[in-house]
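Undergrad: turn this into a structure:
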Amino acid sequence: MTASIPIPEPRPRPDSLAGVVRVGSFGTFYQRFDDLIAASANMVLYFIHSRRWRENHDATLKAFLRRDGTSLEVFLPDLENHELMFSLARHFDDGPQIPFLVVDAYRYFGRLARDFGQPAHLWLFNRYPTYSFYKFDEAAVLALYSNAAAKKDLPAFEITTDGMFGTFLSTDIADLKKECRRFLPTELESVIRNAPPPPSSWDLESLDE
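TA: Predicted coordinates:
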């Protein structure tokens, strides 16, 4: 009698364990960002400047802040950390403009704070970022950074906040708050004043994170 071969039990898919919902280039998430912002009451953002993203979703962000009970937290690079700014300049094709784009992000969120009372404060990080994130109530979008300076389409993925990646992200945010400097938006003016002026040839329209 031939021994039967045991059938292995089905293993859960890795993406279901991790909570990965979808994967694609960052640009393919355009509409999804608007949907997530509109459906959420809490948002946590971490990026270098994300100028194009801010422009694309400006109206949705302001509609979010007009709603009662919403909360916005923002992490941005610390302009006064010269080692960090030097590293960022070396790793992006628009590197020399990075400080001015960060200043633009400071001022953008400062205007939102003035007009809507959010973000109540900004967190300034001092370590070179390995990824950016956009966290919402039940989901988050994570985007990788390239190890080379050449500009390219960056992969991004949407996760649920209750999966393995979501747990990691929540822990990372808690740890970031222990390491970052916290400022009221109005307090950033002193940091901005110490930033070098942009070159006269700076073409803001051609730049993006």
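Undergrad: what about residue 131, neighbour count?
TA: Residues contacting residue 131 under the criterion other Cβ atoms under 10 Å number 14. Any C-beta I mention is one placed from the backbone N, CA and C, and that applies to glycine too.
Undergrad: please name the residues that touch it.
TA: By Cβ atoms under 8 Å, 6 or more residues apart in numbering, the residues touching residue 131 are 142, 143, 144, 145.
Undergrad: got the residues you listed as CSV, with neighbour count and pLDDT columns?
TA: Output for those, formatted as CSV (neighbours: other Cβ atoms under 10 Å; pLDDT from 0 to 100):
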residue, neighbour count, pLDDT
142, 20, 97
143, 19, 95
144, 13, 92
145, 16, 87
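Undergrad: closest to residue 101 out of the residues you listed?
TA: Closest approach to residue 101 among the contacts of residue 131 (Cβ to Cβ): residue 145, at 14.8 Å.
Undergrad: I figured the closest one hits residue 129, correct?
TA: Yes. Using Cβ atoms under 8 Å, residue 145 is in contact with residue 129, at 6.3 Å.
Undergrad: which residues of this protein fall in strands?
TA: Secondary structure of the chain (DSSP state E): strands at 20-25, 42-46, 71-77, 122-125, 131-135, 139-144, 155-160, 181-183.
Undergrad: the longest one vs strand 131-135, what angle?
TA: Right, strand 71-77. 170 degrees (axes from the mean of the first three to the mean of the last three Cα atoms, to 10 degrees).
Undergrad: what's the angle between strand 71-77 and strand 42-46?
TA: Going by the same axes, to 10 degrees, strand 71-77 makes 0 degrees with strand 42-46.
Undergrad: who touches strand 71-77?
TA: In contact with strand 71-77 (Cβ under 8 Å, 6+ apart) are residues 41-49, 61, 64-65, 84-85, 88, 98, 102, 105-106, 109, 112, 118-119, 122-125, 129, 176, 180.
Undergrad: out of the residues you listed, which are buried?
TA: Neighbour counting with 16 or more other Cβ atoms under 10 Å marks 43-49, 61, 64-65, 84-85, 88, 98, 102, 105-106, 109, 112, 118-119, 122-125, 129, 180 as buried within these.
Undergrad: those residues in helices, which ones?
TA: With helices taken from DSSP state H, the overlap with these comprises 61, 64, 65, 84, 85, 88, 98, 102, 105, 106, 109, 112.
Undergrad: just list the residues touching residue 45, thanks.
TA: Contacts for residue 45 were tallied using Cβ under 8 Å, 6+ apart; they are 72, 73, 74, 75, 133, 134, 135.
Undergrad: what separates residue 111 from residue 118, distance-wise?
TA: Distance of residue 111 to residue 118, computed by Cβ to Cβ, to the nearest Å: 11 Å.
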